[in-house]
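Student: sequence first, predicted coordinates after that:
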Amino acid sequence: MKCKRCHVPAVVALPSHHTAFCRECFLVFARRLVERAIKEHDMFTFEDRILIAISGGKDSLALSWMLKDMGYDIEGLHIDLGIPESSPIARGYTERFCEKHGIRLHVIETASMGLAMCDVKKRVKRPICSVCGQTKRYLFNRFAMDNGFTALATGHNLDDETSRLFANVMRWDVEYLSDQGPVMPAEGGFAKKVKPLFRMSEFETANLCFLAGIDYGYAPCPYSSKASFPIYKKLLSDLEDIQPGRKIRFYDGFLKDGRPGFAPRGETTVSIEPCTTCGYPTSAGECGFCRLKGMMSEGKEEG
């Protein structure tokens, strides 16, 4: 195949876009997808301070590389979850990447709080992925708010977003469907959250890393085997193979025509108040993070 832009031999074929690109033109194409996402959804400007949640995987590193190359004011935050099989690998890739590209990196170690996920898993009865996700969201948001960042950016790609949407539709989870999207505005003690890669597929971010020379880690969490999202990703990927472009049309259609139908009607009945321990917004008196921390410090198991 020939590159659509310059007609030299292509190195990446993109059936969902009915096109193919050489290395240089693919990087231009990827950059324009991100620029479009930022502009269409008013994610941030060059005056914003952007905190990027960096895991060490391909998506967060691709996002960091691209925003740095575009000239945005970015810093990274990596959360070391204290999982012996995967955390040292992820942290190593993150630290090497940020040092190479001159990105200021902050690291939070959950083990220093008594919340190493290998220990938490032994005490909780809930799925550990839920507990881990809750912990990461708390720490990312708290760090962004406490340190004056105006946007918190994550590397969620098109496959992540469509599989989450599919899962929420399968459960008809109205609360999540009402606010799912590439931007969550800052309000009530929560930082503005943005997903600049939402128009890029996992295949495309992997190609970006390869063609840009980004060395990323692949150290799957040993606790994620029972997670449901990979099932939805597989179903949507199979559909994409049959109908190229289906995933982005599914997501764009939801944002344009579907999400408005799930918007809250009238006043919400959920009261959000500061956590009685840390001041974090919660509807439960004491937030989930503080309850977990208290349980672990007291040596208890979840009731």
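Tutor: Cool, got the structure. Being a predicted model, the structure only gives us computed values, none of them experimental. Numbers count the residues shown, from 1 in each chain.

Student: going forward, measure contacts between C-alpha atoms and count neighbours the same way
Tutor: Will do.

Student: please enumerate the helices of the stretch 101-250 of the chain.
Tutor: 117-123, 128-146, 158-171, 174-179, 202-212, 229-242, 246-253 (DSSP state H, counting those that start in this stretch).

Student: which residues of the stretch 101-250 of the chain score low on pLDDT?
Tutor: For the stretch 101-250 of the chain, the stretches with pLDDT under 70 are 225-227.

Student: need the helices of the stretch 101-250 of the chain in CSV with distance to Val194 and mean neighbour count, can you?
Tutor: As requested, those are exported to CSV (distance: least, CA to CA, whole Å; neighbours: other CA atoms under 10 Å):
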stretch, distance to Val194, mean neighbour count
helix 117-123, 26, 17
helix 128-146, 12, 17
helix 158-171, 12, 19
helix 174-179, 13, 16
helix 202-212, 17, 18
helix 229-242, 20, 15
helix 246-253, 16, 17
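
Student: quick one: Gly261 from Asp252, how far?
Tutor: 14 Å (CA to CA, to the nearest Å).

Student: burial count for Pro220?
Tutor: 14 (other CA atoms under 10 Å).

Student: correct me, but it touches Ser86?
Tutor: Yes - assessed by CA atoms under 8 Å, Pro220 is found in contact with Ser86 at 6.7 Å.

Student: phi and psi next, for Phe254.
Tutor: phi -60, psi -50 (degrees, to the nearest 10).

Student: ends of stretch 281-289, how far apart?
Tutor: From its first residue to its last, stretch 281-289 covers 11 Å (CA to CA).

Student: hmm, I was thinking of stretch 65-79
Tutor: 19 Å.

Student: show me which residues of that stretch are buried.
Tutor: By neighbour count with 16 or more other CA atoms under 10 Å, stretch 65-79 contains the buried residues Trp65, Met66, Leu67, Lys68, Tyr72, Asp73, Ile74, Glu75, Gly76, Leu77, His78, Ile79.

Student: got the contact list for that stretch?
Tutor: 31, 45-55, 64, 91, 94, 98, 101, 103-110, 136, 140 (CA atoms under 8 Å, 6 or more residues apart in numbering).

Student: pLDDT of it, averaged?
Tutor: Stretch 65-79 carries an average pLDDT of 98.

Student: what does stretch 274-285 give?
Tutor: Per-residue scores along stretch 274-285 average to 90.

Student: tell me the buried residues in that stretch?
Tutor: So, applying 16+ other CA under 10 Å, buried residues of stretch 274-285: Pro274, Cys275, Tyr280, Pro281, Thr282.

Student: could you export the residues you listed as CSV, including secondary structure and distance to Cys22?
Tutor: Converted to CSV, the buried residues of stretch 274-285 look like this (DSSP: H, G, I helix; E, B strand; the rest coil; distance: CA to CA, whole Å):
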residue, secondary structure, distance to Cys22
Pro274, strand, 52
Cys275, coil, 52
Tyr280, coil, 48
Pro281, strand, 48
Thr282, strand, 49
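
Student: any chance of those in a markdown table, plus distance to Ala116?
Tutor: Output for the buried residues of stretch 274-285, formatted as a markdown table (distance: CA to CA, whole Å):
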| residue | distance to Ala116 |
| --- | --- |
| Pro274 | 25 |
| Cys275 | 22 |
| Tyr280 | 21 |
| Pro281 | 23 |
| Thr282 | 23 |
